[in-house]
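# no sequence on this one, just coordinates:
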Ligand SMILES: [Zn+2]
C-alpha cells in the first residue's frame, strides 16, 4: 500500500516554482523584482513560475501604486486560507492536534489523552483527532488535503514507517499506511505524512521562526529525549537512511551509563529528563523523586542534585560542541521542555561548549527558545505544508 497519494495536486511542480513559493511564503508580500533579486532567478522566470501558483489561488497579486495588476512591481502575497493543514504530534501519553493555515498560523488546538501506547489505540486516537479538527469549520473540511503526524524516534518519511520509537516502544510500524486506511473511508481522502518530530519543528523554524534568514542552523530539543534538527545550505538534513542530527546519541561519557538505544555514554543517557531523575534518585537514595522535586531541590541548593544537573550540562555542552565542530551552524536554537531547568545547567552547557568547540565554531550563537506543546503539532502541520512541494 502506498500511504501517499500520487494525485499531482501539489501546485509547486518545478524548482523555480518552489523557490518563488518559498520566498513569498516566508517573506511575502514581496514584488517579483525583489523575488528575482533575492533568489537569483530572472524576472521572466519568476513571472512564469508564479503564474500557475496565482491561477491555483495560492498566491495573490496585490495592487501596486507603480502599476496595475500583473505588472512586475505588484507585490505577490500568499493566500493563507487557500488551504488548511492538520498537524498531530504523538507523545507517550497524549495527542496534540492543530489546524493551521498556509502560513502555519495555529487556528485550532486540541489535546487528547492516549488510553494506551498500543498501535491500534494510537491510530484510533489520531483518526478521532482528525475528525474533530475538521469538524471545527466547513472550510477546513473543504480545503484540507494533508495531515502531518510526528513522533519521536527513527521515522522513515518516504515509506511512512516508524522504525523505532523508544517512548511508544514501537518498532517497524507502518503508521502512515495504517492511518490512511483508518481515516480515508467514505468521502475523506487525506494525504498522510509521518516524520520525526524534531525534524518537523525544524521545518517550521526554518520557514517561520528563528531559522529565517539563516543558511545553516541547528535546533536542539531537551526533554524526554534530546533531539536535533539540522539545516545546512538552506535545506533540512534528512540523512540517507532517515537518521541525522541524533545529538542525543553522541557518546560523551566513554563507557558511561547504558542508553535505551543500546549504546553507552550517550548524551541522552545522562541529560534526558528520565536520566536526570534516575541519577537524582540514586544520588539521594529517594526512589520516588519526581522531576519537579529534583528541580526544586536543586534550586534550593541540594549539592547532590546540583551535581546531577552539572553533569547533564557537561554532557549537553559536549554534544553541542561535537555537532558545531562537524557542521558549523550559524546558530544553535536550544528548546524543549527541558528548558524549564535551564538555569540549573546553563553555565556548564556554555562553558563546556566554549571549551570543546574548535576555533571559530565557538562563535556560533546559542539562542534559547521556549517551546509550548502546541508548537510540536505546528511542526507536524509544517511537514503537511511541505507536501505541496512534492509531486
Ligand atoms: Zn543512545
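Alright, I've got the coordinates. As the structure is a computational prediction, the values presented were derived from the model and not from experiment. Numbers count the residues shown, from 1 in each chain.

# Contacts only, for the residue nearest to residue 225 when sequence neighbours are not counted.
Ranked by Cβ to Cβ, 6 or more residues apart in numbering and with sequence neighbours excluded, the top spatial neighbour of residue 225 is residue 152, at 5.1 Å. C-beta coordinates here come from the backbone N, C-alpha and C atoms, glycine included. Applying Cβ atoms under 8 Å, 6 or more residues apart in numbering to residue 152 gives the contacts 91, 165-167, 196-198, 224-225, 227.

# hey, where'd the helices end up in the stretch 101-250 of the chain?
119-134, 138-143, 175-183, 197-208 (DSSP state H, counting those that start in this stretch).

# nearest to the ion, of those helices?
Distance to the ion, taken as Cβ to the ion, is lowest for helix 197-208 among those, at 14.9 Å.

# neighbours around residue 79, how many?
16 (other Cβ atoms under 10 Å).

# picking up where we left off before, per-residue pLDDT, the residue nearest to residue 225?
Per-residue pLDDT puts residue 152 at 90.

# swap in residue 43?
At residue 43, pLDDT is 90.

# which of the contacts of residue 152 has the most neighbours?
If you rank the contacts of residue 152 by neighbour count (other Cβ under 10 Å), residue 196 sits at the top with 29 neighbours.

# And the contacts of the least confident helix or strand in the chain by mean pLDDT?
Among the helical and strand segments of the chain, the one scoring lowest on mean pLDDT, DSSP states H and E is strand 235-236, with a mean of 84. The contact list for strand 235-236 (Cβ under 8 Å, 6+ apart) reads 199, 202-203, 206, 229-230.

# secondary structure element for residue 322?
Secondary structure from DSSP states H and E places residue 322 in helix 303-327.

# Tell me the helix or strand right after that helix.
Once helix 303-327 ends, the next helix or strand along the chain (criterion: DSSP H and E) is strand 331-335.

# Report the inter-axis angle for the next helix or strand after that next one versus strand 331-335.
Counting by DSSP H and E, the next helix or strand C-terminal to strand 331-335 is helix 342-356. Inter-element angle recorded for helix 342-356 and strand 331-335: 150 degrees (by axes from the mean of the first three to the mean of the last three Cα atoms, to 10 degrees).

# So for helix 342-356, what gets flagged as buried?
The neighbour-count check on helix 342-356 (16 or more other Cβ atoms under 10 Å) flags 342, 344-346, 348-349, 352-353, 356 as buried.

# May I see those residues organised as TSV, with pLDDT added?
Shown next, in TSV, are the buried residues of helix 342-356 (pLDDT from 0 to 100):
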residue	pLDDT
342	91
344	94
345	93
346	92
348	95
349	94
352	95
353	94
356	92
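
# Can you tell me which of those residues is nearest residue 84?
The closest of the buried residues of helix 342-356 to residue 84 turns out to be residue 342 (Cβ to Cβ; 34.7 Å).

# ok, for the closest one, nearest residue in space, not its chain neighbours?
Setting aside the residues directly before and after it, residue 342 is nearest to residue 368 in space (Cβ to Cβ, 6+ apart), at 6.5 Å.

# Please apply the same query to residue 145.
Per Cβ to Cβ, 6+ apart, closest to residue 145 is residue 191, 6.0 Å.

# Check whether that neighbour really touches residue 144, as I assumed.
No: contact between residue 191 and residue 144 fails when scored by Cβ atoms under 8 Å: they sit 10.0 Å apart.

# Under the pLDDT cut-off, which ranges of the stretch 201-350 of the chain? List them.
Within the stretch 201-350 of the chain, the stretches with pLDDT under 70 are 242.

# Could you tell me which residues of it lie near the ion?
Those residues of the stretch 201-350 of the chain that sit near the ion, judged by Cβ under 5 Å from the ion, are 249, 259, 261, 263, 266.

# at 8 Å what do you get?
Residues of the stretch 201-350 of the chain lying near the ion by Cβ under 8 Å from the ion: 246, 248-249, 251, 259-263, 266-269.

# Using JSON lines, please lay out those residues together with neighbour count and distance to residue 100.
Output for those, formatted as JSON lines (neighbours: other Cβ atoms under 10 Å; distance: Cβ to Cβ, whole Å):
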{"residue": "246", "neighbour count": "21", "distance to residue 100": "27"}
{"residue": "248", "neighbour count": "26", "distance to residue 100": "27"}
{"residue": "249", "neighbour count": "21", "distance to residue 100": "31"}
{"residue": "251", "neighbour count": "17", "distance to residue 100": "38"}
{"residue": "259", "neighbour count": "20", "distance to residue 100": "34"}
{"residue": "260", "neighbour count": "16", "distance to residue 100": "32"}
{"residue": "261", "neighbour count": "16", "distance to residue 100": "32"}
{"residue": "262", "neighbour count": "8", "distance to residue 100": "37"}
{"residue": "263", "neighbour count": "14", "distance to residue 100": "37"}
{"residue": "266", "neighbour count": "28", "distance to residue 100": "34"}
{"residue": "267", "neighbour count": "31", "distance to residue 100": "31"}
{"residue": "268", "neighbour count": "29", "distance to residue 100": "30"}
{"residue": "269", "neighbour count": "26", "distance to residue 100": "35"}
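
# what's the most distant pair in those residues?
262 and 267 (14.9 Å).

# Pull out the buried residues from the helix holding residue 322.
Buried, per 16+ other Cβ under 10 Å, within helix 303-327: 305-306, 308-324, 327.

# Need the nearest residue in space to the residue in the stretch 101-250 of the chain positioned nearest to the ion, chain neighbours excluded.
As assessed by Cβ to the ion, the ion sits closest to residue 249 within the stretch 101-250 of the chain, at 3.8 Å. In space, and not counting its chain neighbours, residue 249 is closest to residue 266: 4.6 Å by Cβ to Cβ, 6+ apart.
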